[in-house]
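**Student:** With the input below, show me the fold.
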Amino acid sequence: MSLMPYWLRHLRNVAYRDPVARILEDPFAVFAKDPFFRDPLKYMRQVTAPLEHEQHGIEGIYSDSEVKVDGKKVEVHLDVQNFTPEQIQVKTVGNEVMIEGKKEIKREDGWTKSHFERRFLLPEGFPPERVECHLDKGKLKLVAFRAEPVPERNIPIQDKSGSDEKA
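**Tutor:** The predicted model follows:
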């Protein structure tokens, strides 16, 4: 019986454990782990995403289709078509709206559990008492109304061009 296969296996294992030997074996393996080099376009989109989107006052990372804000109300749309109204719970805690859905289905081969939880901080001027919730065809719509509607006001235009001509 020869010890040669044992020594070859041992040398291969040493090469895998030694980072210097790994770099010499495949110098491009280091770049494969870096998210920039794996997909540069996706990486740049993720890094610049906060700069591209308008800040709407609701903290977190949500798509534009989920959150719509205008001066009078804030709307949050969620797809909850796999849940019944009894399985969804919506509540406010302080200035935060929490939506939670839980369901358990017993099958012959075991259990299937589904759970989601979303939290939204309401912007200033939108009290939690003025939040409404509607469910229509699997779409949950939360609407938070402003405490007091923003009054319309006219802003006078100051004409400074006339004073420059006299000088």
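
**Student:** Mind jotting down where the helices sit in this protein?
**Tutor:** 4-17, 19-25, 29-33, 35-38, 40-52, 161-166 (DSSP state H).

**Student:** Quickly, which of those bottoms out on average pLDDT?
**Tutor:** When the helices of the chain are compared by mean pLDDT, helix 161-166 comes last with a mean of 60.

**Student:** For this structure, which segments are assigned as strands?
**Tutor:** Listed in chain order, the strands of the chain (DSSP state E) span 67-69, 73-79, 88-93, 96-107, 110-121, 131-136, 139-145.

**Student:** and the angle from the fifth one to strand 73-79?
**Tutor:** If I follow you right, that is strand 110-121. Strand 110-121 and strand 73-79 are oriented at 160 degrees to each other (axes from the mean of the first three to the mean of the last three C-alpha atoms, to 10 degrees).

**Student:** quick one: low-confidence parts of the protein?
**Tutor:** 1-30, 49-65, 149-150, 162-167 (pLDDT under 70).

**Student:** go again using 90 as the cut-off
**Tutor:** Residues of the chain that meet the criterion pLDDT under 90 lie in 1-85, 93-99, 105-131, 134-140, 142, 144-167.

**Student:** Quickly list the domain ranges of it.
**Tutor:** 1-52, 56-145 (automatic domain parsing).

**Student:** thinking again about what came up before, is it possible to get TSV of the strands of the chain that adds distance to Pro156?
**Tutor:** Bear in mind the C-beta positions are built from the backbone N, C-alpha and C, glycine included. Formatted as TSV, these follow (distance: least, C-beta to C-beta, whole Å):
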stretch	distance to Pro156
strand 67-69	28
strand 73-79	29
strand 88-93	41
strand 96-107	39
strand 110-121	36
strand 131-136	37
strand 139-145	30
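
**Student:** Kindly reformat these as a markdown table containing mean neighbour count and distance to Met44.
**Tutor:** Converted to a markdown table, the strands of the chain look like this (neighbours: other C-beta atoms under 10 Å; distance: least, C-beta to C-beta, whole Å):
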| stretch | mean neighbour count | distance to Met44 |
| --- | --- | --- |
| strand 67-69 | 16 | 24 |
| strand 73-79 | 17 | 28 |
| strand 88-93 | 14 | 37 |
| strand 96-107 | 14 | 32 |
| strand 110-121 | 12 | 28 |
| strand 131-136 | 13 | 37 |
| strand 139-145 | 17 | 33 |
